[in-house]
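**Q** Here you go, sequence then predicted model.
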Amino acid sequence: MDDVDGEEMPGAIVEPFLEREEGARALLRELERLAVEGRHEEVRERVRDLAENNESVFYTVAFSLTNSRQFFGDVEAQLDVTAADRLRDIAETFPSLAEPFNIVRTEIAEDRHNPVTDTSYTVTYHHGVESPMVTYRPRSGDVDLYESSGTPSELLGVSTDLAAATTDALDVALENDYSVNTEELSALIDRREELETELSKLRDQLDELRRTPVNDE
């Protein structure tokens, strides 16, 4: 967003938005309808298209949906109270769209794609292979990225690959003297501690399973 950074913000994006407000609200109503119908992937793509083709409208809506007092205050200072109130109405009318706009803004700002915000899973047991089975779905906001099922060892294989990718990424940072921001470093420490807790539990479970007689029937 280099062309709208600096002293011109937020007026540089808000004024073009206000000129296109009627069309923008029509689009938001359409996106809200798609979201209600569960067509979240389509909503994500439409928001991406908006960010690519109409930057001012995208960022004005995205910042409005954060419901930030600072943003609305800056609009009042640079434009007027009426303009700020029109943007507050965006936040009040379309709160369900805050997540897809925030995710796309994160994609643009941090060079990411479909950032995973949650992983849901269900556990069953397959008597034919004598093993638990896990079905898991990584999610990015309301979008299910994919669904996969596997045995615990298969899931650990995926987890090991991801842990290796993590350490490789940190190796690149260390080898090139790149910094890692405080928030990311703190989150990494938290995730490592959580992983160590789960691995400790896994060791206990494996020890117990080794002592359990195998049913050969």
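**A** Structure's in. What do you need? Residues are numbered from 1 along each chain as shown.
**Q** got any ranges where this protein has weak pLDDT?
**A** Scanning the chain for pLDDT under 70 picks out 1-7, 214-217.
**Q** Domain-wise, how is it divided?
**A** 2-110, 118-211 (automatic domain parsing).
**Q** Turn these into a markdown table, including mean neighbour count.
**A** C-betas here are computed from N, CA, C, even on glycine. Shown next, in a markdown table, are the domains of the chain (neighbours: other C-beta atoms under 10 Å):
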| stretch | mean neighbour count |
| --- | --- |
| domain 2-110 | 17 |
| domain 118-211 | 11 |
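**Q** so how far is I103 from R112?
**A** When C-beta to C-beta, to the nearest Å is the yardstick, R112 and I103 sit 9 Å from each other.
**Q** So which other helices or strands are in contact with the helix or strand where R88 lies?
**A** For R88, the host element (DSSP states H and E) is helix 81-93. Secondary-structure packing of helix 81-93 (3 or more C-beta pairs under 8 Å, 6 or more residues apart in numbering; DSSP states H and E): helix 11-19, helix 21-36, helix 55-65, helix 69-78.
**Q** just the CA coordinates of the shortest one, formatted as CSV?
**A** If I follow you right, that is helix 11-19. Coordinates of each C-alpha in helix 11-19 appear next as CSV, following Å, rounded to 0.1, in the frame of the first residue of the first chain:
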residue,chain,number,x,y,z
GLY,A,11,-7.8,10.5,3.7
ALA,A,12,-6.0,9.1,0.6
ILE,A,13,-8.1,5.9,0.8
VAL,A,14,-11.3,7.1,2.4
GLU,A,15,-12.1,9.8,-0.1
PRO,A,16,-12.1,7.5,-3.1
PHE,A,17,-14.1,5.0,-1.0
LEU,A,18,-16.8,7.6,-0.3
GLU,A,19,-17.1,8.3,-4.0
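**Q** thinking again about what came up before, starting at the chain centroid, how far to the helix holding R88?
**A** Centroid displacement of helix 81-93 relative to its chain, using C-alpha atoms, centre = their mean, to the nearest Å, is 25 Å.
**Q** Now do it and helix 11-19, the angle between them.
**A** Calculated by axes from the mean of the first three to the mean of the last three C-alpha atoms, to 10 degrees, helix 81-93 forms an angle of 70 degrees with helix 11-19.
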